[in-house]
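Asker: sequence first, then the predicted structure:
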2 protein chains.
Amino acid sequence: MTTSATNHQIRLAARPVGLPTDANWQHTTEAVAQPDDGGVLVKTLALSLDPAMRGWMNEGKSYIPPVGLGEVMRAGGVGVVIASKHPKFAVGDHVSAGLGVQEYLLIPADQIRRSGLVKIDLALGSLTQWLNVLGMPGMTGYFGLMDVGQPQPGETLVVSGASGAVGQTVGQMAKIKGCRVVGIAGGQAKCDWVVNTLGFDACIDYKNGSVKDGLKQHCPKGVDIYFDNVGGEILDAVLARINRKARIVICGAISQYNATTAVQGPKNYLSLLVNRARMEGIVVFDYADRYHLAVAEMAGYLKDGRMKSREDVVNGLTNFPKALTQLFTGENFGKLVLKVADH
Amino acid sequence: MTTSATNHQIRLAARPVGLPTDANWQHTTEAVAQPDDGGVLVKTLALSLDPAMRGWMNEGKSYIPPVGLGEVMRAGGVGVVIASKHPKFAVGDHVSAGLGVQEYLLIPADQIRRSGLVKIDLALGSLTQWLNVLGMPGMTGYFGLMDVGQPQPGETLVVSGASGAVGQTVGQMAKIKGCRVVGIAGGQAKCDWVVNTLGFDACIDYKNGSVKDGLKQHCPKGVDIYFDNVGGEILDAVLARINRKARIVICGAISQYNATTAVQGPKNYLSLLVNRARMEGIVVFDYADRYHLAVAEMAGYLKDGRMKSREDVVNGLTNFPKALTQLFTGENFGKLVLKVADH
């Protein structure tokens, strides 16, 4: 059975070489069907735009399968239940799930678990915060920092992509845990914001001056934890400043995602040897059974003002392709969110 | 007070660019002095030749200071006490210490600790085994494997430089701990030896065929631990085959030590992210307070035949410069030892 609504969708039409362009996308429409027994129909309100999306567009083995050609582009999102034949979900419930870049998602009973469908409580955070500090980026930052970074009071933490979704969480959590926190971000406005609003101790503007000099100035005791979202030259610059037993959390490498030549390996990696240091990768899905604990903790910090968040909202499903490229050019300021519907 | 003996020495004359040549060394002689109260005079019997020596010849911060220009080249060695005014060392005692590339070392009372002077028991292993599996390379392999690699029965371990001093120890210890062990070495003879004599499950000859194909063939379940002594292309090939939660022990990068351009960073390092894997450096000195435990364990394995060792002995102090370069061309077969005196 279908409804009278039309579902606008954006599908992966071709695998990109370098930065994605309009040619990589196909805009389609479908009728919206009603759920069968145990199923749920969700209307998308907002989607999370993440650097990881670029990786999902490539062929080949990774931590999850690539998006298939012709498939709706994968995206996490928040929405509202508009029809339900599932006992745990009612019309009007706000939910988070892997909605895809589309206006509606019909989730059959046997796909509920796989879709990651969970109710979200707007008393804990706003819809966009549920895509940011309380969503996947927040979980990535929280568990990457706490489980792999293992911050100790008095240590120095550096985080790249400091004003982005993961960076906001990592830096603020590290401050709460008693670290000296130095961000790396692109442009004065972002740097001012993470220092003045989020309370970082310093921020290095990689677009204006040398990261190497900035690290020397702002990390006088060296670097104990580096949370890396960017890779490339910045990873090498930090490797040259790490302390003994330093931990480098490899969360991403946005500088390399659109590279059309081989990824640039960290040529200073032997600093790991000299400093008995560790470089370790993190994938957020491994921590799914503890998301609720991180959400509870960080919602408390949002409430008492110890954590703040910033989202950069782009309106309209059809603006997805353009918005995604902004991530890689650094045009977004804060967690990039695509607003699809008001309610 | 001096003796009638002459101490032949080899000093660092100039810092090398690329592979060291004769121009980097200066041959000197000194009279041999007698020890004062609390001092010990050691006659060098054999010296350990190690890839790490190349790093010590460079200027700049590392895990230990560089050898100064004009200083006797640093080297670990074994020798015999020929004069002593120290209550714990008697004439005739066999000892291990940082002897340097010279025939005699006079250790004043206040330098005993710094020199690392300890008695060695030839009932536990031969003089050359005390430079190999019971010496620094053995300690490096043991603690790198056990503390950083953390082998579990049934896991697959790959070790490069498999027939070298560290590789021998790592591979045999991993077999004892129940791992599938695959070596990487240069040439059929070395590969045959680690498989037939040391009991590795397989060995990939990097000089004959593709390491990538070899890993595919011999590690059908992927790689859980990689003990890296070489860096470069081989590190990248292994990174492409690691399993979830793999541990990569960064012990050395002999392929890069004589590079005159920038070190080649591992371009496949994002495999750490995809696989939630870890790359961690090790420096043996950190484990000094536990050397005796590793020696006791491995001496037992040497005695009951579960461990074997192979040393490649070059004779004569003056052959030091030539022998050292053999390490980097892979000409040595087994732990490279420079025999300086018979007794």
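Answerer: That came through fine.
Asker: how is chain A carved up into domains?
Answerer: Following automatic domain parsing, chain A resolves into domains at A:2-132+A:310-339, A:136-285.
Asker: need the winner for burial among these.
Answerer: domain A:136-285 (a mean of 22; mean count of other Cβ atoms under 10 Å in any protein chain shown). Heads up, the C-betas are built off the backbone N, CA and C, glycines and all.
Asker: that one - what's its average pLDDT?
Answerer: Rounded to a whole number, the mean pLDDT of domain A:136-285 is 96.
Asker: got the end-to-end distance for it?
Answerer: Using Cα to Cα, to the nearest Å, the end-to-end distance of domain A:136-285 comes to 9 Å.
Asker: what of stretch A:118-125?
Answerer: Terminal-residue distance, stretch A:118-125 (Cα to Cα): 15 Å.
Asker: what about the nearest residue to A:Ala14 once chain neighbours are set aside, distance to A:Leu69?
Answerer: Nearest residue to A:Ala14, sequence neighbours excluded (Cβ to Cβ, 6 or more residues apart in numbering or on different chains): A:Asn24, at 5.2 Å. Per Cβ to Cβ, to the nearest Å, A:Asn24 is found 10 Å from A:Leu69.
Asker: what are the boundaries of the strands in the stretch 151-300 of chain A?
Answerer: In the stretch 151-300 of chain A, the strands defined using DSSP state E, counting those that start in this stretch lie at A:156-160, A:180-185, A:202-205, A:223-228, A:242-250, A:278-281.
Asker: how far is the fourth one from where the chain is centred?
Answerer: Pointing back at strand A:223-228 there. Put simply, strand A:223-228 sits 18 Å off its chain's centre (Cα atoms, centre = their mean, to the nearest Å).
Asker: in chain A, which residue is closest to the centre?
Answerer: The residue lying closest to the centre of chain A (Cα atoms, centre = their mean) is A:Pro137, at 3.5 Å.
Asker: reduced to three states, what does that one come out as?
Answerer: Secondary structure, DSSP: H, G, I helix; E, B strand; the rest coil: A:Pro137 is helix.
Asker: does it touch A:Pro51 like I think?
Answerer: No - with contact defined as Cβ atoms under 8 Å, A:Pro137 and A:Pro51 do not form a contacting pair (9.6 Å).
Asker: which neighbours do A:Asn24 and A:Leu69 have in common?
Answerer: A:Leu12, A:Ala13, A:Ala14, A:Arg15 (Cβ atoms under 8 Å, 6 or more residues apart in numbering or on different chains).
Asker: let's have these in TSV, adding distance to A:Leu327 and pLDDT.
Answerer: Converted to TSV, those look like this (distance: Cβ to Cβ, whole Å; pLDDT from 0 to 100):
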residue	distance to A:Leu327	pLDDT
A:Leu12	16	97
A:Ala13	19	97
A:Ala14	19	97
A:Arg15	18	96
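Asker: out of the residues you listed, flag the one nearest to A:Ala75.
Answerer: Nearest to A:Ala75, judged by Cβ to Cβ, of these is A:Leu12 at 11.4 Å.
Asker: just give the nearest non-adjacent residue to that closest one, would you?
Answerer: A:Val67 (4.9 Å).
Asker: ok, A:Val72 next?
Answerer: Nearest to A:Val72 is A:Gly100, by Cβ to Cβ, 6+ apart, at 4.1 Å.
Asker: list the residues that contact that neighbour.
Answerer: Going by Cβ under 8 Å, 6+ apart, the list of residues near A:Gly100 reads A:Gln9, A:Val72, A:Met73, A:Arg74, A:Ala75, A:Gly77.
Asker: verify the stated contact: the third one with A:Pro20.
Answerer: No - applying Cβ under 8 Å as the test, A:Met73 and A:Pro20 come out as separate, 10.0 Å apart.
Asker: find residues that contact each of those two.
Answerer: Residues touching both A:Met73 and A:Pro20 (Cβ under 8 Å, 6+ apart): A:Met57.
Asker: quick check, the residue in chain A closest to chain B?
Answerer: Here the residue of chain A nearest chain B is A:Gly265; by Cβ to the nearest Cβ that distance is 3.0 Å.
Asker: what's the closest non-adjacent residue to that residue?
Answerer: A:Gly265 sits nearest to B:Gly265 (Cβ to Cβ, 6+ apart), 3.0 Å away.
Asker: check A:Tyr104 too.
Answerer: A:Asn7 (4.4 Å).
Asker: which residues does that neighbour bridge with?
Answerer: A:Glu30 (DSSP bridges).
Asker: residues contacting it?
Answerer: Contacts of A:Asn7 (Cβ under 8 Å, 6+ apart): A:Thr29, A:Glu30, A:Ala31, A:Val32, A:Gln102, A:Glu103, A:Tyr104.
Asker: what does A:Gly38 give?
Answerer: Counting by Cβ under 8 Å, 6+ apart, A:Gly38 has contacts A:Lys85, A:His86, A:Pro108, A:Ala109, A:Asp110, A:Ile112.
Asker: what segments of the stretch 1-150 of chain A are helices?
Answerer: Ranges of helices within the stretch 1-150 of chain A are A:52-56, A:112-115, A:136-143, based on DSSP state H, counting those that start in this stretch.
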